[in-house]
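>>> only geometry, no sequence info:
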Ligand SMILES: [Zn+2]
């Protein structure tokens, strides 16, 4: 019997490790989109080339021959400057878009600490197999962090609140859909501060630490879910925090 339990636990850990590794790889790909960095180089390359051509054109063309040439040169200088200005504006606009897009990826990833830093140190139960109160092995698909009642709980990522209610097991629980493949749940809260349907920003307070539902002490149960190929898997929040 004991051997069987050990075997099940070992297989679950391996399965979980594979999923976690895949999620980490996917996350890294999201966090470092090579295509966008390539676009930065291309944009800057075109921009620099335009500026260099403009400077060469203004400084090294044939000198003034007559009064008419003088006016033509001023007109031509203006045209070159306009091209330079347009090119600069396009480069800045393109870089701003890239920065905004990257910022959006960061704020919609569950990497924000759900509790204040001093409380984050008190992880009382990690992600993985553990013995429950009946002495049975269960797979804890979350991390439990203990903190004094009333401590603030924050949104780990921006998104839409899809659940904010009391549940027999979870107690007062909040689920946020990040709008990408991620969602997360924070449970056993004392107070719920947000409502279903509300948009939350990463770092915004969503509730307070409590001891509601199936819980033996003030703590927060934090879990991160990842949708992949039609399935939703729980991943270790410690990967992100
Ligand atoms: Zn838990």
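Great, that's in hand. These numbers come from a predicted model, not from an experiment.

>>> Just give me the neighbour total for the nearest residue to residue 40 once chain neighbours are set aside.
Among residues not flanking residue 40 along the chain, residue 98 sits closest, at 6.3 Å (Cβ to Cβ, 6 or more residues apart in numbering). No exception for glycine: its C-beta is placed from N, CA and C like everyone else's. Using other Cβ atoms under 10 Å, residue 98 has 16 neighbouring residues.

>>> tell me which element residue 98 is part of?
For residue 98, the element it lies in under DSSP states H and E is helix 67-107.

>>> Who are the packing partners of that helix?
Helices and strands touching helix 67-107, by 3 or more Cβ pairs under 8 Å, 6 or more residues apart in numbering; DSSP states H and E, are helix 2-31, helix 34-59.

>>> got the residues of this structure near the ion?
Residues of the chain lying near the ion by Cβ under 5 Å from the ion: 142, 144, 221.

>>> Most neighbours among those residues, please name it.
Most crowded among the residues of the chain next to the ion, counting by other Cβ under 10 Å, is residue 221 at 23 neighbours.

>>> wait, that residue sits on residue 187?
Yes - look at residue 221 against residue 187 with Cβ atoms under 8 Å: they come within range, at 4.3 Å.

>>> which residues are in contact with both of the two?
Contact with both residue 221 and residue 187 is made by residues residue 170, according to Cβ atoms under 8 Å, 6 or more residues apart in numbering.

>>> Now do the contacts for the residue in the chain that the ion sits nearest to.
Of all residues in the chain, residue 221 sits closest to the ion, at 3.5 Å by Cβ to the ion. If you count contacts by Cβ under 8 Å, 6+ apart, residue 221 has them with 142-144, 170, 185-188, 215.

>>> Quick check: strands, which of those are part of them?
143-144, 185-188 (DSSP state E).

>>> from those, which is closest to residue 235?
residue 143 (10.9 Å; Cβ to Cβ).
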